[in-house]
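Novice: Structure for this input, please:
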Amino acid sequence: MRIVVLSGAGISAASGVPTFRDALTGLWARFDPERLATEAAFRADPALVWGWYRWRAAMVAAAAPNAAHADVAALADDGHALTVVTQNVDDLHERGGARDVLHLHGRLLASRCIDCGARATPDPILLAPASPAGGQRETPPSCDRCGAAFRPDVVWFGEALPVDAWEAASRAIEACDLLVVVGTSSLVWPAAGLPDRALRLGTPVLEINPQPTPLSPRATAHWALTATAGMAQLRARLSAGAWDVAGALRFD
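Specialist: Got it, this is the predicted structure:
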């Protein structure tokens, strides 16, 4: 079976990774996310924004993939053709064993020059741990090629998604036999529109989320489970061979 897993912050919750807004603590508690996650904010105060992302990167680097990440990756080991499309900027899917991972919103554990796009090895965002107590201002390093500052390799507000990842995700969803939407609020666009693309093609869409979302009324099935419990249940049902839209997707 060709399976696409579309994941959001909920799948990393059990790994202790704070959500985007939950990470606004310490030095950054007085800021709205939009004040820290734009190119304009970075250019106005690069030390403040770089310090916040360095602190977040240190937390993500210290986190470990959880059982949900492992169960997602294990779908490929079970013989399914698996593509992971994630809105998360962590690398927990890869560390959990997934091989085909598309990052729609970029990667927190990587950085690049804000002007020329050059990268450096080792990556500056990972060179040394940021303050564990809630962060500090840090001047970003300068690019050896053009002298501009390094920035996190994430998609900021007002920026387009990476074209290659978006096009690959669209192709995977249009070709899959099952789309599993796990741990996402289905509020962030354009990613929130991907399940409707599958539904229009008649592809079953399974949503795994403890709370209902805007997708829930349209999904083929909604399992009110955590990502960990839901992925374990999905693997068990697929492994049992009891798969059909009318039966196996229903959870009651």
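Novice: residue ranges of the helices in this structure, please?
Specialist: 33-36, 39-44, 46-62, 67-77, 92-95, 163-175, 194-200, 227-239 (DSSP state H).
Novice: Out of these, the one nearest residue 123 is which?
Specialist: Nearest of the helices of the chain to residue 123, taken as CB to CB: helix 46-62 at 9.3 Å. For every residue, glycine as well, the C-beta is placed using N, CA and C.
Novice: In contact with residue 47, which residues?
Specialist: 137-140 (CB atoms under 8 Å, 6 or more residues apart in numbering).
Novice: From what I see, residue 15 and residue 70 are in contact.
Specialist: No. Between residue 15 and residue 70 there is no contact, the gap being 11.1 Å when judged by CB atoms under 8 Å.
Novice: Pull out the CA atoms of stretch 79-90 and give them to me as CSV.
Specialist: This file holds the C-alpha atoms of stretch 79-90, laid out as CSV (Å, rounded to 0.1, in the frame of the first residue of the first chain):
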residue,chain,number,x,y,z
GLY,A,79,6.3,-3.5,3.3
HIS,A,80,4.3,-0.3,2.5
ALA,A,81,5.6,2.5,0.2
LEU,A,82,5.9,5.3,2.8
THR,A,83,6.3,9.1,2.3
VAL,A,84,6.3,11.4,5.3
VAL,A,85,5.2,14.9,4.8
THR,A,86,5.9,16.9,7.9
GLN,A,87,5.1,20.5,9.0
ASN,A,88,7.6,20.0,11.9
VAL,A,89,11.0,21.6,11.7
ASP,A,90,12.6,19.0,13.9
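Novice: got the buried residues for that stretch?
Specialist: 80, 82-90 (16 or more other CB atoms under 10 Å).
Novice: Turn the helices of the chain into JSON lines, columns for mean pLDDT and distance to residue 10.
Specialist: Converted to JSON lines, the helices of the chain look like this (pLDDT from 0 to 100; distance: least, CB to CB, whole Å):
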{"stretch": "helix 33-36", "mean pLDDT": "73", "distance to residue 10": "18"}
{"stretch": "helix 39-44", "mean pLDDT": "94", "distance to residue 10": "26"}
{"stretch": "helix 46-62", "mean pLDDT": "91", "distance to residue 10": "16"}
{"stretch": "helix 67-77", "mean pLDDT": "97", "distance to residue 10": "9"}
{"stretch": "helix 92-95", "mean pLDDT": "98", "distance to residue 10": "12"}
{"stretch": "helix 163-175", "mean pLDDT": "97", "distance to residue 10": "18"}
{"stretch": "helix 194-200", "mean pLDDT": "96", "distance to residue 10": "15"}
{"stretch": "helix 227-239", "mean pLDDT": "93", "distance to residue 10": "5"}
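Novice: Reformat these into a markdown table and put distance to residue 125 next to each item.
Specialist: Formatted as a markdown table, these follow (distance: least, CB to CB, whole Å):
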| stretch | distance to residue 125 |
| --- | --- |
| helix 33-36 | 15 |
| helix 39-44 | 13 |
| helix 46-62 | 5 |
| helix 67-77 | 22 |
| helix 92-95 | 16 |
| helix 163-175 | 19 |
| helix 194-200 | 28 |
| helix 227-239 | 26 |
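Novice: Of the contacts of residue 47, which is the nearest to residue 66?
Specialist: So of the contacts of residue 47, ranked by how close each gets to residue 66 (CB to CB), first place is residue 138, at 29.1 Å.
Novice: Identify the residue nearest the closest one in space, chain neighbours excluded?
Specialist: Closest residue to residue 138 apart from its sequence neighbours, by CB to CB, 6 or more residues apart in numbering: residue 51 at 4.2 Å.
Novice: what's the spacing between the one you found and residue 43?
Specialist: 15 Å (CB to CB, to the nearest Å).
Novice: who's more crowded, those two?
Specialist: Neighbour count, other CB atoms under 10 Å: between residue 51 and residue 43, residue 51 has more, with 23 against 13.
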